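Engineer: Provided below for reference: sequence and predicted model.
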Amino acid sequence: MTFLSLACVLATCLPQTATPDSQTPAPHQLGLELFAKGLDFPTFLCSDPADPSRILIAEKAGRIRLFKDGRLRATDFLDLSDQINIRSERGLLGMAFHPNFPTPPWVFLHYSDSKGSTCLSRFPVDLKTWAAEANEETILLQLEQPWANHNGGMIAFSPRDGYLYLGLGDGGAAQDPRDAAQNGHSLLGKILRLDVDHGLPYKIPADNPFRNNPEFFSEIWAFGLRNPWRFCFDPENGDLYIGDVGQDQWEEINWQAGNSLGGENYGWRLREGKHEFLTSKHSHGQPLVEPIHEYKHQHGHCSITGGYVYRGSQIPWLQGAYFYGDYCSGAVGTLRMKNGEMIERIPRRKELAKSANLSGLVSFGVDAAQELYILCADGRVYRLVEATK
Ligand SMILES: [Ca+2]
Ligand SMILES: [Ca+2]
């Protein structure tokens, strides 16, 4: 195991708060263990829903590598590299098993196809070989992307309603030039909510918030997002945390309660974080939902990587803490919500820098035991552990 430099230690942690040095030391400390290295730009990690020792790691260029008991298997779970466009932020971006897996034995992928369009697809999994059947792809949604960046990437099933949620960025370039995120007749800059269990390509859930609103496409759950690269549901209560990537100044985290009815407008491009940005020709006459947390582009921060709520068993004191990080600086933070309010936020940059250099923090991952991982652009993947003193 090779631990890299401590460069992250030098700058202070997440802004808009006291530096970690000025705070009472946390009674517990976190660390990272190297889980794998040598991967090619890993973007997503999950496990067999029934077996956390069988870990899957997706690479941006289209392979999904399979690990059993920590060892890389020779045969990929799936290799889509011949049909994926990897320019800029394109690639294999997200993955989710059906919530009742293995009945049906389906895995869903979010990737950029050879033309660069967003593609949501379903593949059956052969449970004997533990490989997805590449020739049995069913495309559920295909959406042209005007630019190579801001493709969103996340897909996840809500633990409350069982529907598939898919995050899409504003399409790309800068300043949302097509004013897509506020436009109800564009799927860009949105989180969609789809019923993938009934009919093809999918069915619109009866209680989608804009189902009977002609100003919006009925797939839309929430809008006003710039690039919701990663979002997650708290498995305990269905609360939704969205890391929305900002433009030049502000990164933000949005939150909605598990019993939300949807329809939230998170503000882009009217606002970047909690700050005025540009006007929009679309007006919806509803209040904008402010982020629960924002941080500025300083101390090396440039792009938020949303994570997961810790619900594992290995670190009991960490229960219910939401993890997020920054792609450029590698800084990690945790926060907790209670009754719709943020009640705790802890910068963990210095703490984690003792065991790894996290700059290029592409994604967090979670296995079926709800233990957390961190994926870095340098091909290393770490497992979150309690630090031994
Ligand atoms: Ca795009
Ligand atoms: Ca916002």
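Structural biologist: It's in. This structure is a prediction, so every number in the text was calculated from the model and none was measured. Ligands and ions are numbered 1, 2, ... in the order given.

Engineer: got the residues of the protein near ligand 2?
Structural biologist: By C-beta under 5 Å from the ion, the residues of the chain that approach ligand 2 are 266, 267. C-beta here means a position set from N, CA and C on the backbone, and glycine is covered the same way.

Engineer: Can you tell me the centre-most residue of the chain?
Structural biologist: Compute the mean C-alpha point of the chain, and by C-alpha atoms, centre = their mean the closest residue is residue 230, 1.7 Å away.

Engineer: which ones are touching that residue?
Structural biologist: 153, 154, 167, 243, 305, 306, 307, 363, 364 (C-beta atoms under 8 Å, 6 or more residues apart in numbering).

Engineer: who are the neighbours in contact with the third one?
Structural biologist: Yep, that's residue 167 we're talking about. Contacts of residue 167 by C-beta under 8 Å, 6+ apart are 94, 152-155, 190-191, 225, 228-231, 242.

Engineer: same deal with the last one?
Structural biologist: Residue 364 makes contacts with 45, 230, 305, 306, 307, 308, 323, 325, 372, 373, 374, 375, as judged by C-beta under 8 Å, 6+ apart.

Engineer: ok, the residues you listed vs residue 338, which is closest?
Structural biologist: Residue 338 lies nearest to residue 323 out of these, by C-beta to C-beta, at 16.9 Å.

Engineer: how many neighbours does that closest one have?
Structural biologist: By the criterion of other C-beta atoms under 10 Å, residue 323 has 25 neighbours.

Engineer: can I assume it is in contact with residue 334?
Structural biologist: Yes. Counting by C-beta atoms under 8 Å, residue 323 does reach residue 334; the two are 5.5 Å apart.

Engineer: any shared contact partners between these two?
Structural biologist: residue 310.

Engineer: Report the closest residue of the chain relative to ligand 2.
Structural biologist: With C-beta to the ion, the shortest gap between the chain and ligand 2 falls at residue 267, namely 3.7 Å.

Engineer: Following element in sequence after the lowest-mean-pLDDT helix or strand in the chain, please.
Structural biologist: Sorted by mean pLDDT, DSSP states H and E, the helices and strands of the chain end with helix 349-353, the least confident at a mean of 94. Proceeding N to C from helix 349-353, the next assigned helix or strand is strand 361-366, under DSSP states H and E.
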